[in-house]
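Visitor: predicted coordinates and the sequence they were generated for:
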Amino acid sequence: MREAREAFRRFWPLTRGDRGWMLVIVACVVVSALAETAAILLFAQLTDNALKEGSLSAFWGPAGAWLGVAVLGALVGYLGNSLATWTAERFVLRLRARTFAHVQGLPPHFFQQHRQGDLVERLTGDVEAIEQLVVSGVVGTVSAAFSAVFYSAAALYLRWDLALATFLLAPLFLLAARRFSGRIKQASRDERVADGAITSVVEESLGNVVLTQAYNRRADEERRLDREARAWMRASVRGARLSEMYEQFVEVVETLCVLAVVGLGVWEISAGRMTLGTLLAFAAFIGYLYPPVRSLGQLGLTVTAATAGADRITEILDARPAVADPAAPVPSWPVHGHIAFHGVGFTYPDTPRPSLTDLTLTASPGELILVTGASGAGKSTLAKLLTRFYDPDAGVITLDGVPLTDVPLEFLRENVALLPQQTLVLNGTIHENIACGRPGATDREIEDAARAAAAHAFISALPEGYATPIAPGTAALSGGQLQRIAIARAMLRAAPVLVLDEPTAGLDSVAARQIVQPLRRLMSGRTTIMITHDLSLAAEADRILLIDEGRLLATGTHDTLMRTCPAYTRLTEPWSTAPAARRHWAEDTLVLRR
Ligand SMILES: Nc1ncnc2c1ncn2[C@@H]1O[C@H](COP(=O)(O)OP(=O)(O)OP(=O)(O)O)[C@@H](O)[C@H]1O
């Protein structure tokens, strides 16, 4: 119960703005209960007067009133139920938006630790489970409590002694709920986890379908899904069985109560102390009393099931972004593109070894700095620090002499454009994919960027041209074409600093060659930090940084390093001995314009 209280405290603030509506819903339920109470009393009146005496004149008055009460009850019931759904969905909308916004700001390692499918499940199923606790739970409890009080009061008013006798059986409901709640909670927690696992397996398998087919892994993937689906089935069946057991038990208890009432009533009628109408009305009140009492008893079950979802959302909301906007940000300025790392050190969260140690580097506006080194040396980490996905643990990184931690994040990312290793595609048209480089860019500017990125020709040749829809993983374009779209996007961004992380990785020599010119145009006049294993551009770089195990091993121009650094010479060997077709950078005679 402590968990439920904490979950409630955490998510209740999200109902702000809807609490007035929640009160209206409760008021509707109260009016509905009053209408039901009036209808039952009118029914008793009809039974004792019109029905027993067969008098039509005694029928019209109560019948008209009953109809009026029924219409009022229907209107209020409709209003209350519609409002309840609306309020509940608004809560789901708000919680989902808040969780999604939070997830979007989380650092890369969070996504490595959580499977995507599981996160999807949390943002869909678990968000709805919390609504059951916070909105429907509160409205349902207050409404049930009011209804229970009304019907009990009406039953007491009709026959207090009979009412008290039936109330004695009420604790049986609570006892049953208590017995079942723990086991139902475990089952629903298991079901939620299994739901997440199924979504993950389906997502991963479909995303990897080429690998699956090429390596005959279909049976393995099917087995993986089968394993998760069976776990889900077990949890789901267990949960349904427990709920059903609880329902049936409560049914039996209810029947017991009705039989007790009827038995006592028959005895009272035979003794002449009660009319048939009173007995029927009394039995009706007891009948109406069960659903609210039952839902109060079940409240514990709903709450325990919902806390399973709340735990999983809380875990996301408690994950902290690795970086935050500065408390006292510097005002924006026309960025020139001076970059400096001063003694920078960084260790990824929960890892024992530092990925960068005491790294110092400077880049002046328009310079091309090449960062190279063995796989795992820390090159991409440097890019992540420069674009502020993480802050260094030691040292400081500056842009035009201003520490990055003082620069507003949005401004920083407007001025430091990243071209990551994998080509990122948005779900939209090619036009939209380029335009997101600079929202508000005109069609003309987009086309110019595409021309400069050598993408205009192949885009125009597509049947739908710039309006061709593309989506992650489904784009019918080659790796090189996608990379040129990414270059056009970066071109449009017009940021003075450019971070290129392995721009030719994953491309064959022909495709790599096709992006040489566009990349040169992109780099021209910008401070460029290029992370690469491909050293064919080394001769053109202003400086080369050789990183080894997170440390700067050597720095200098290509010629200097060739003379002084054997480790560097070894790295260049594949390029100096490679066939002509692979030396695409060096062959290109264009000199960088700075
Ligand atoms: N998210 C992460 N969490 C923990 N450790 C990480 C993470 N990302 C990278 N590392 C570790 O940091 C070190 C440097 O990784 P980094 O990706 O910067 O290397 P790299 O030089 O870019 O390698 P490659 O050339 O293969 O891309 C590696 O030991 C890697 O295992």
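Guide: Yes, it's here. Numbering: from 1, shown residues only.

Visitor: quick one: low-confidence parts of this structure?
Guide: 1, 50, 52-54, 298, 301, 305, 473-475, 506-512, 574-594 (pLDDT under 70).

Visitor: tell me which parts of the protein are close to the ligand?
Guide: Residues of the chain lying close to the ligand (CB under 6 Å from any ligand atom) are 108-109, 112, 348, 351, 355, 373, 375-381. C-beta: built from backbone N, CA, C; applies to glycine.

Visitor: mark which of those are buried, thanks.
Guide: Among the residues of the chain next to the ligand, those classed as buried by 16 or more other CB atoms under 10 Å are 109, 348, 355, 373, 377-381.

Visitor: where does the residue of the stretch 101-250 of the chain found nearest the ligand fall, secondary structure wise?
Guide: Scanning the stretch 101-250 of the chain for the residue nearest the ligand gives H109, at 3.9 Å (criterion: CB to the nearest ligand atom). Take DSSP states H and E as the rule and H109 turns out to sit in helix 108-113.

Visitor: list of residues touching whichever helix or strand comes after that helix?
Guide: Using DSSP H and E, the helix or strand that follows helix 108-113 towards the C-terminus is helix 116-121. With CB atoms under 8 Å, 6 or more residues apart in numbering as the test, helix 116-121 has contacts from 103, 111, 192, 195-204, 316.

Visitor: state the distance from the closest residue to E254 other than its chain neighbours to Q248.
Guide: In this structure, E254 finds its nearest non-sequential neighbour in Y290, 5.2 Å apart by CB to CB, 6 or more residues apart in numbering. According to CB to CB, to the nearest Å, Y290 and Q248 sit 14 Å apart.

Visitor: can you map out the strands along the stretch 451-594 of the chain?
Guide: Assigned by DSSP state E, counting those that start in this stretch, the strands in the stretch 451-594 of the chain fall at 469-470, 497-501, 527-531, 543-548, 551-556.

Visitor: please work out which of those strands is packed deepest.
Guide: Most buried of the strands of the stretch 451-594 of the chain, by mean neighbour count (mean count of other CB atoms under 10 Å): strand 527-531, with a mean of 25.

Visitor: what's the angle between that strand and strand 543-548?
Guide: 30 degrees (axes from the mean of the first three to the mean of the last three CA atoms, to 10 degrees).

Visitor: was I right about V303 contacting A4?
Guide: Yes. V303 lies in contact with A4 (CB atoms under 8 Å); the separation is 4.6 Å.

Visitor: what touches both of those two?
Guide: With CB under 8 Å, 6+ apart as the test, V303 and A4 both reach L133.

Visitor: ok, those two, which is more surrounded?
Guide: Higher neighbour count among V303 and A4: V303, with 22 against 19, using other CB atoms under 10 Å.

Visitor: could you check how far the more buried one is from the ligand?
Guide: Separation of V303 from the ligand (CB to the nearest ligand atom, to the nearest Å): 37 Å.

Visitor: helices or strands next to whichever strand or helix holds that residue in the packing?
Guide: Applying DSSP H and E as the criterion places V303 in helix 276-318. When contacts are defined as 3 or more CB pairs under 8 Å, 6 or more residues apart in numbering; DSSP states H and E, helix 276-318 sits against helix 2-11, helix 19-46, helix 57-104, helix 127-134, helix 136-158, helix 160-167, helix 171-207, helix 218-270.
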